[in-house]
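K.L.:
got a predicted model here, sequence first, then my questions.
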Amino acid sequence: MVRLDSYEKRLLAGKEGRLKQVCLENILRYAEVLGAEELCEVTKATVFCGAHNYLNVETSDSPDAVFSRMNLAVDEIIAFDRTYQNCTIQSCVSPCDQYEHEPFNQSGDFFSKNSEFLEQARRAGVTITGTCAPYLTGWLPIRGEHFVTTESGVTVMGNSIWGAMGNSDGIEAAFWSAICGRTPRWGNHVEENRGATHVVEVKAPVNSLLEWDLLGRAIGDPLATRAVPVISGEFQRVTFQKLRQLCTTLAISSNCEICHLAGYTPEARNVEDALRGGKPAGTLVIDEPALQQAYEAVCDPGGGEIDFVSLGCPHYDIDQIKRVCDYLKGKRISPNVHFMLWTVYPLKAMADENGYTRIIEEAGGHIYTSSCPGTMGKVFLGNYNGLVFDSLKQAGSVKSDMSKPVYFGDVFSCIDAAVAGRWEEKHRWPRSR
Amino acid sequence: MAAFTLRGRGVIPGIVEGEALVCPKSITGWGGIDPQTGIIKQYDNVNLGKSIMGKILVMPGSKGSNGWSCYFGAARVTGAAPMGWIFTRIDSSAGVATTVLQIPTVVDFPEDQDPCRLISSGDRVRLNGRTGEVEIFKSGGVGYESG
């Protein structure tokens, strides 16, 4: 039985409307499934807004009908018209670019439908940011703050890098929490559950963003359910960009929600600190063959002509856009290749101001926002015959939907391949340069 | 005759009996299944091409994207969901999916009774989501009774 405070009792009694009542009822069912005994207040949320592909199973055109059936899991139609006033809520990616639909083979009608879904959320109190990287737009839960998010990498980052408290939950539960302001006090919301359970010793050089991506998969693949790894190794120049790549790939390769990096993350001054006096349930050694295996699992063998190159998963920050420009300046993308960078729309404006957009467009590329190829799906990807990504998550996600070759390389390999119009053996990792 | 019985924590009541589909490394979120058909399309899943529809799905927990529950939720709408499921250990994403699907569910088994190791795809399984009892009838073999 879950203990309720006076606010929760009021909601449950329907005193704040049917929407909040249903959301709290769902949160209570969720708490009982988990075995939680009380709830906690959520003050940061990202939610998954837009006419996403999985919603197509619901045939109604009414955003409220779709929202009720799919996100509230009820047959009655309840207007999504409010959220929890103490919670900062931003939207995750949608299946559409912020401004365009033609480059993605999407119809104007679909773009309008997506805009209608976004408007519904905006009216309810969600700021439409359209990003998997909400920290780029100021969404930064602090240590001890309870958050929900629809981006798995952000779950791991929030817990691990910022010391905030969140579980993976799911798209439906993120809405429930953003609306009623509560989530079960369970898992990472409980201080005692956050200690490391497994030690990971990294014995391979891990430097580039791609290598941090591979490290995430190499750790995540064998990791047990609800395991908490503490990672140790001789790392050089650890940056936020590298940590977010690790967290993103670790999240999609396992169900890991928190990891500690000894000497770098706030709950792990060292391995012992992360273990909190406990004995590890297991030790995992990551060597170069483990990274190679992680790479080979995602990047298709061989090579050939390519017509699609996508950078930016998670959405690029402004520094990453600048570095692409630095490398791309003076080069020309093959006319057969759709070359693109993905970011959040305020950073597109920043790229415009700094001249980065011009450099990329003059080279034959594009900056897109608020979505990604994997979220858009087959309507976009189905037009291409050879696809290249600089992100393990994006490459892996697309591979499940495509029978065409999918390649994965670092940003320089991706740009070189885009210029050549071909993916070749020399672009594969590890690359001698 | 039940070959053997496992006991976990029943979290969604109901008794169902059907064919087990065991995914020892779970199914990845965001696009791991086609919600129209229930077919697993995750490129590196051991059960790639098989359907979860009407099965007793056995998994260690969830895996991958926070968009995990929503694909199973979509399969609920199309009728392509499993009839019941078993998680070695409940986790948050599996918890949300269970809350949405409301199918008989048993979770949190003792360490020496990992259903992902003890149940094989094709086994017949009777699952009691109230008591947490899971009876397994091994496919192709003569069973025996055990606690």
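P.N.:
Yes, it's here.
K.L.:
quick one: contacts for A:Asn385?
P.N.:
A:305-307, A:404-405 (Cβ atoms under 8 Å, 6 or more residues apart in numbering or on different chains). (C-beta placed from N, C-alpha, C; glycine too.)
K.L.:
swap that for B:Ser51, sorry
P.N.:
Here B:Ser51 is in contact with B:37-40, B:80 (Cβ under 8 Å, 6+ apart).
K.L.:
would you put the C-alpha positions of the strand ranked longest in chain B in CSV?
P.N.:
Longest strand in chain B by number of residues, with DSSP state E as the criterion: strand B:15-22. Extracted C-alpha coordinates of strand B:15-22, given in CSV (Å, rounded to 0.1, in the frame of the first residue of the first chain):
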residue,chain,number,x,y,z
ILE,B,15,-3.9,-17.0,-14.7
VAL,B,16,-2.7,-17.6,-18.2
GLU,B,17,-1.2,-20.6,-19.9
GLY,B,18,0.7,-20.5,-23.2
GLU,B,19,4.0,-20.9,-25.1
ALA,B,20,7.1,-19.3,-23.6
LEU,B,21,9.3,-17.0,-25.7
VAL,B,22,12.5,-16.4,-23.8
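K.L.:
what's the mean pLDDT across the helix or strand following it?
P.N.:
Per DSSP states H and E, strand B:15-22 leads on to strand B:56-59 as the next helix or strand towards the C-terminus. Averaging pLDDT along strand B:56-59 yields 98.
K.L.:
what does the next helix or strand after strand B:56-59 rub up against?
P.N.:
Downstream of strand B:56-59, the first helix or strand assigned by DSSP H and E is helix B:69-78. Contact with helix B:69-78 is made by A:48, A:54-55, A:57-58, A:69-70, A:73, A:169-173, B:29-33, B:35-36, B:38, B:52-53, B:62, B:81, B:93, B:96-97, B:99-101, as judged by Cβ under 8 Å, 6+ apart.
K.L.:
could you flag which of these are buried?
P.N.:
A:48, A:54-55, A:57-58, A:69-70, A:73, A:169-173, B:29-33, B:35, B:38, B:52-53, B:62, B:81, B:93, B:96-97, B:99-101 (16 or more other Cβ atoms under 10 Å in any protein chain shown).
K.L.:
looking at chain A, which strand is longest?
P.N.:
strand A:308-316.
K.L.:
do that one and chain B meet?
P.N.:
No: Strand A:308-316 is not in contact with chain B by Cβ under 8 Å from any Cβ of the partner chain; minimum separation 12.1 Å.
K.L.:
for stretch A:249-269, same thing?
P.N.:
Yes: using Cβ under 8 Å from any Cβ, stretch A:249-269 reaches chain B at A:251-255, A:257.
K.L.:
any buried residues in that stretch, and which?
P.N.:
A:249-262, A:265, A:267-268.
K.L.:
tell me the mean pLDDT for it?
P.N.:
96.
K.L.:
around A:Gly277, how many other residues sit close by?
P.N.:
Around A:Gly277 there are 7 other residues, counting by other Cβ atoms under 10 Å in any protein chain shown.
K.L.:
from the contacts of B:Ser51, list just the buried residues.
P.N.:
The buried subset of those - by 16+ other Cβ under 10 Å - is B:38-40, B:80.
K.L.:
before we move on, back to that, show me which pair in the contacts of B:Ser51 is furthest apart.
P.N.:
Comparing all pairs in the contacts of B:Ser51 by Cβ to Cβ, the longest separation belongs to B:Ile40 and B:Ala80, at 11.2 Å.
K.L.:
which neighbours do those two have in common?
P.N.:
By Cβ under 8 Å, 6+ apart, the residues touching both B:Ile40 and B:Ala80 are B:51-52.
K.L.:
out of the buried residues of stretch A:249-269, name the ones that lie in strands.
P.N.:
Counting by DSSP E, the buried residues of stretch A:249-269 contribute A:260-261 to strands.
K.L.:
of the buried residues of stretch A:249-269, which belong to helices?
P.N.:
A:249-253 (DSSP state H).
K.L.:
could you chop chain A up by domain?
P.N.:
Listed by automatic domain parsing, the domain ranges of chain A are A:6-191, A:195-296, A:299-427.
K.L.:
the shortest one: how far from the chain's middle?
P.N.:
Using Cα atoms, centre = their mean, to the nearest Å, we find the averaged C-alpha position of domain A:195-296 to lie 18 Å away from the chain's own average C-alpha position.
K.L.:
then stretch A:22-40?
P.N.:
25 Å.
K.L.:
equivalent analysis for stretch B:127-143, please.
P.N.:
13 Å.
K.L.:
part of a helix, is A:Gly216?
P.N.:
Yes: using DSSP: H, G, I helix; E, B strand; the rest coil, the assignment for A:Gly216 is a helix.
K.L.:
enumerate every residue touching the closest residue to it other than its chain neighbours.
P.N.:
Closest residue to A:Gly216 apart from its sequence neighbours, by Cβ to Cβ, 6 or more residues apart in numbering or on different chains: A:Thr249 at 2.9 Å. Residues near A:Thr249 by Cβ under 8 Å, 6+ apart: A:153, A:212-217, A:220, A:392-393.
K.L.:
out of those, which is most surrounded?
P.N.:
A:Asp213 (31 neighbours).
K.L.:
who in the stretch 101-250 of chain A is up against chain B?
P.N.:
Residues of the stretch 101-250 of chain A lying near chain B (Cβ under 8 Å from any Cβ): A:149-152, A:155, A:167-174, A:184, A:186-187, A:221, A:224-226.
K.L.:
centroid residue for the chain?
P.N.:
If you meant another chain, say so; for now it's chain A. Nearest to the mean C-alpha position of chain A, by Cα atoms, centre = their mean, lies A:Glu151 at 3.8 Å.
K.L.:
please refer instead to chain B.
P.N.:
Note: chain B centre (Cα atoms, centre = their mean) maps to B:Leu57, 2.3 Å.
K.L.:
which ones are touching A:Ser168?
P.N.:
A:152, A:155, A:251, A:255, A:257, B:62, B:66, B:68, B:91-93.
K.L.:
quick one: which of these is nearest to A:Glu8?
P.N.:
Closest to A:Glu8, out of all of the contacts of A:Ser168 and judged by Cβ to Cβ, is B:Ser92, at 19.5 Å.
K.L.:
what about the closest one, neighbour count?
P.N.:
B:Ser92: 32 neighbours (other Cβ under 10 Å).
K.L.:
so it makes contact with A:Asp169?
P.N.:
Yes: counting by Cβ atoms under 8 Å, A:Asp169 is a contact partner of B:Ser92 at 5.1 Å.
K.L.:
ok, and the closest non-adjacent residue to A:Ala45?
P.N.:
With Cβ to Cβ, 6+ apart, the residue lying closest to A:Ala45 is A:Ala178, at 3.9 Å.
K.L.:
which residues of the stretch 251-400 of chain A lie near chain B?
P.N.:
Counting by Cβ under 8 Å from any Cβ, the stretch 251-400 of chain A sits next to chain B at A:251-255, A:257, A:297, A:374, A:396-397, A:399-400.
K.L.:
pLDDT (mean, whole number) over stretch B:63-73?
P.N.:
94.
K.L.:
oh, that last question was meant for stretch A:327-345, not what I typed.
P.N.:
If you average the pLDDT values across stretch A:327-345, you get 97.
K.L.:
try stretch A:296-312
P.N.:
97.
K.L.:
now stretch B:128-138
P.N.:
97.
K.L.:
any weak-confidence spans in chain B?
P.N.:
Residue ranges of chain B with pLDDT under 70: B:1-2, B:140-147.
K.L.:
sorry, wrong one. I was asking about chain A.
P.N.:
Using pLDDT under 70, chain A drops low at A:432-433.
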